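Asks: Have a look; sequence and predicted model below, questions after that.
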Amino acid sequence: MTPSFGTRTLERLTPWLVPAVILLGWQVAASTGLVSTRFMPAPSGVVAAGWQAARSGELWTNLSISFARAAVGFLIGGGIGFALGLANGLSRLSERLTDTTLQMIRNIPHLSLIPLVILWFGIDEEAKLFLVAIGVFFPVYANTLHGIRSVDPQLVEMGRVYGMSATTLFTRVVLPGALPSIFVGLRYALGIMWLTLIVAETISASSGLGYMAMQAREFMLVDVVVLAIVIYAGLGKAADAVTRLLERRFLAWNPAYGNA
Amino acid sequence: MLATALRVPDDSQLREDTPIRDLKPRGVAAPKAPARVAPQASATGIGVTIRDLRKDFDGHTVIEGLDLHIPAGQFVAVVGRSGCGKSTLLRLILGLEQPSAGRIALESEALRTPSKRIMFQEPRLLPWARVVDNVAVGLGEGGRKAEQRAKAEAALAEVGLSEKAGNWPATLSGGQRQRVALARALVSGPGLLALDEPLGALDALTRIDMQAMIERIWRAQGFTAILVTHDVAEAVAMADRILVVEAGRIALDVTVDVPRPRRRGDADLAALEGRILDHLLSERAPS
């Protein structure tokens, strides 16, 4: 028996039930005066603030600036992490040369570098990019390395015996085998990417979402502060959805992901 | 078998006139069955000659003073206790290991690439490649995509899995996966097929089906087959000749003189199986 249309709709809506109830309770609490709107604006107030910011163009400017920073920082840090993960996974020499150093650096909380980064770069773009890149580097590096290491050696032997060249062996056996682990790294990295960017923008920036929230705090615009937080939640969910989509596309062979 | 002897080697080796399913019980006296399935020079098989072979691992000798000739097209089973060196012998013949001393010569190997294929104990399919693409791995690199696909599909038909071509390996049963592995090993039309206990992990009925399938394809294509197995009954049912390996030497070399198709439970086969088992078990007897 296939699930009816109604059942499927219900299944799709279930994850949104809890957020909806929270929103509703929040709205009721704010409208009845249970919670002062000076400290916690009603959802309707946040929507109004969002509408106003969107109309003035301020929201889009800040959003696109933050998005560009996140993307560029992610590409730099993730790219280097991926490349080093591959290199160290495939070459013992490369691993011996760099892994110890990387493991030492990894244990430094990257946000503790903020004072140093401000001294180096001021509050320019480089500061934010540097922090995001460092933040996403390690999850991508560590999971790529682990993924390549955990590729089934029996499959590698099969590839060799069946006459695959080094390039074919990499693209057809090693990389696909490492992909599930690489995706785990990607997910972690996306979370860290937003976290790092917001912290960096809150502390030192003259534009972006974090900056918008800090400005609003100066003027006691609670609704804009909450708006910024809601947008973070939305961005986080969007990043997660993109990863899921990619996993379904590239890991469809794995019964744990897509439904082949 | 006689027809294959005269056949000119061709690329595909997949004969269209071979029935896809031929597992039905056969009559006692098949009219065409040759009285003796002795080795005969085959146009597609590769003969193997080994002279005074030795292989050491870290100063420990695994194979010593081994001489062997396998005529082209013969089906040889290698049995022996764990650690007797039978898998090492197979890996040496395939060129996966280098001999410490002695010589292994494969005749007419240069005429064909790839000339040797192996089927492992595990299917070793790429989980991220569709069944048909897994079979195409056996064709090696290069060549036109469409042509490769056609060959892979023909090989899948040979093992009775045409309808699974677009599936992921994860959706197949253990026996089906091993059949895909067999198609991958045979798709390039190798002259030598090495079977390293390929049926050990299957249940008894699936194993019998697979034995019949391998035997049927071997008879149709005429490659040389070397089967390493623990299962003496399997060796007796499938092979022309059985080699018992003991402490790195060939201790017993038996020709199986029973016509094909062979019936399970045949008295001659049972007697032969008993003889080989006795030999294997007596190895442990105090000397």
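Replies: Perfect, thanks for sending it. Numbering: from 1, shown residues only, chains lettered A, B, ... in the order given.

Asks: Which positions in chain B make contact with chain A?
Replies: B:94, B:96, B:114, B:117-118, B:120, B:122, B:124, B:126-129, B:137-138, B:140-141, B:167-171, B:184 (CB under 8 Å from any CB of the partner chain). Using the backbone N, CA and C atoms, a C-beta is placed for each residue, glycine as well.

Asks: ok, 7 Å please
Replies: With the criterion set to CB under 7 Å from any CB of the partner chain, chain B comes near chain A through B:96, B:114, B:118, B:120, B:122, B:124, B:126-128, B:137-138, B:140-141, B:168, B:170-171.

Asks: Name the SS class of the residue nearest the centre of chain B, please.
Replies: Taking CA atoms, centre = their mean as the criterion, B:A225 is the residue nearest the geometric centre of chain B, at 3.8 Å. Judged by DSSP: H, G, I helix; E, B strand; the rest coil, the three-state class of B:A225 is strand.

Asks: Also B:E97?
Replies: coil.

Asks: so where does residue 195 fall, helix or strand?
Replies: No chain in the question, so chain A it is. Here A:L195, judged by DSSP states H and E, is contained in helix A:175-203.

Asks: That was the other one, I meant chain B.
Replies: B:L195 belongs to strand B:192-196, assigned by DSSP H and E.

Asks: For that strand, name the packing helices and strands.
Replies: helix B:86-94, strand B:116-119, strand B:224-229 (3 or more CB pairs under 7 Å, 6 or more residues apart in numbering or on different chains; DSSP states H and E).

Asks: who's in contact with the nearest residue to A:V161 once chain neighbours are set aside?
Replies: Excluding the flanking residues, the one nearest A:V161 by CB to CB, 6 or more residues apart in numbering or on different chains is B:I118, at 5.8 Å. Contacts for B:I118 (CB atoms under 7 Å, 6 or more residues apart in numbering or on different chains) come out as A:161, B:94, B:185, B:194, B:196.

Asks: hang on, the earlier thing: with only the CA atoms kept, save the strand holding B:L195 in PDB.
Replies: In PDB, the C-alpha atoms belonging to strand B:192-196 read as follows (Å, rounded to 0.1, in the frame of the first residue of the first chain):
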ATOM      1  CA  LEU B 192      43.300 -17.800 -17.900                       C
ATOM      2  CA  LEU B 193      40.800 -17.500 -15.100                       C
ATOM      3  CA  ALA B 194      42.000 -17.900 -11.500                       C
ATOM      4  CA  LEU B 195      39.300 -18.700  -8.900                       C
ATOM      5  CA  ASP B 196      40.500 -18.000  -5.400                       C
END
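
Asks: next structured bit after it?
Replies: Taking DSSP H and E, what comes next after strand B:192-196 is helix B:204-221.

Asks: got the angle for that next one vs strand B:192-196?
Replies: 170 degrees (axes from the mean of the first three to the mean of the last three CA atoms, to 10 degrees).

Asks: Next one: the residue nearest to the centre of chain B from chain A, what distance?
Replies: Plainly put, B:A225 is 17 Å away from chain A if you go by CB to the nearest CB, to the nearest Å.

Asks: before we move on, which element is A:Y211 in?
Replies: helix A:209-218.

Asks: Now do the same for whatever helix or strand comes next after that helix: mean pLDDT, whole number.
Replies: Downstream of helix A:209-218, the next assigned helix or strand under DSSP H and E is helix A:222-250. If you average the pLDDT over helix A:222-250, you get 88.

Asks: list the buried ones in helix A:222-250?
Replies: Across helix A:222-250, burial judged by 16 or more other CB atoms under 10 Å in any protein chain shown covers A:222-228, A:231-232, A:235, A:239, A:243, A:247, A:250.

Asks: Make a markdown table out of those and add distance to B:R51.
Replies: Converted to a markdown table, those look like this (distance: CB to CB, whole Å):
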| residue | distance to B:R51 |
| --- | --- |
| A:V222 | 90 |
| A:D223 | 90 |
| A:V224 | 87 |
| A:V225 | 85 |
| A:V226 | 85 |
| A:L227 | 84 |
| A:A228 | 81 |
| A:I231 | 78 |
| A:Y232 | 75 |
| A:L235 | 71 |
| A:A239 | 65 |
| A:T243 | 59 |
| A:E247 | 55 |
| A:F250 | 51 |
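
Asks: Which strands and helices lie in contact with the helix holding A:L195?
Replies: Under the contact rule (3+ CB pairs under 7 Å, 6+ apart), helix A:175-203 is packed against helix A:58-90, helix A:125-149, helix A:209-218, helix A:222-250.

Asks: To chain B, which of those lies closest?
Replies: Closest to chain B of the helices and strands packed on helix A:175-203, according to CB to the nearest CB: helix A:222-250, at 8.5 Å.

Asks: Looking at the residue nearest to A:V161 now. What's its pLDDT?
Replies: B:I118 is given a pLDDT of 93.

Asks: What separation is there between it and A:V46?
Replies: 65 Å (CB to CB, to the nearest Å).

Asks: Next: A:V132.
Replies: Between A:V132 and A:V46 the computed distance is 27 Å (CB to CB).

Asks: Would you mind measuring from A:T171 to chain B?
Replies: From A:T171 to chain B the distance is 11 Å (CB to the nearest CB).

Asks: So what's the residue count around that residue?
Replies: Using other CB atoms under 10 Å in any protein chain shown, A:T171 is surrounded by 12 other residues.

Asks: picking that back up, Serialize the contacts of B:I118 to JSON lines and add fields for pLDDT, neighbour count and distance to A:T9.
Replies: Listed next are the contacts of B:I118 as JSON lines, based on pLDDT from 0 to 100; neighbours: other CB atoms under 10 Å in any protein chain shown; distance: CB to CB, whole Å:
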{"residue": "A:V161", "pLDDT": "90", "neighbour count": "19", "distance to A:T9": "51"}
{"residue": "B:L94", "pLDDT": "88", "neighbour count": "18", "distance to A:T9": "58"}
{"residue": "B:A185", "pLDDT": "94", "neighbour count": "25", "distance to A:T9": "49"}
{"residue": "B:A194", "pLDDT": "95", "neighbour count": "25", "distance to A:T9": "56"}
{"residue": "B:D196", "pLDDT": "93", "neighbour count": "20", "distance to A:T9": "53"}
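
Asks: Please identify which of those residues is nearest to B:I63.
Replies: Taking CB to CB as the measure, B:I63 lies nearest B:L94 of the contacts of B:I118, at 14.1 Å.

Asks: circling back to that earlier point, just the helices and strands packed on helix A:175-203: most buried one?
Replies: helix A:125-149 (a mean of 23; mean count of other CB atoms under 10 Å in any protein chain shown).

Asks: what angle separates that one from helix A:58-90?
Replies: 40 degrees.

Asks: ok and helix A:125-149 relative to helix A:175-203, angle-wise?
Replies: Using the same axes, to 10 degrees: helix A:125-149 against helix A:175-203 is 160 degrees.

Asks: Which positions in the stretch 101-250 of chain A make contact with chain B?
Replies: A:154-155, A:158, A:161-163, A:165, A:168, A:172-173, A:176.

Asks: Please repeat the previous calculation with a cut-off of 8 Å.
Replies: Counting by CB under 8 Å from any CB, the residues of the stretch 101-250 of chain A that sit close to chain B are A:154-155, A:157-159, A:161-165, A:168, A:172-173, A:176-177, A:179.

Asks: are any of these buried, and which?
Replies: Buried among those (16+ other CB under 10 Å): A:155, A:158-159, A:161-164, A:172-173, A:176-177, A:179.
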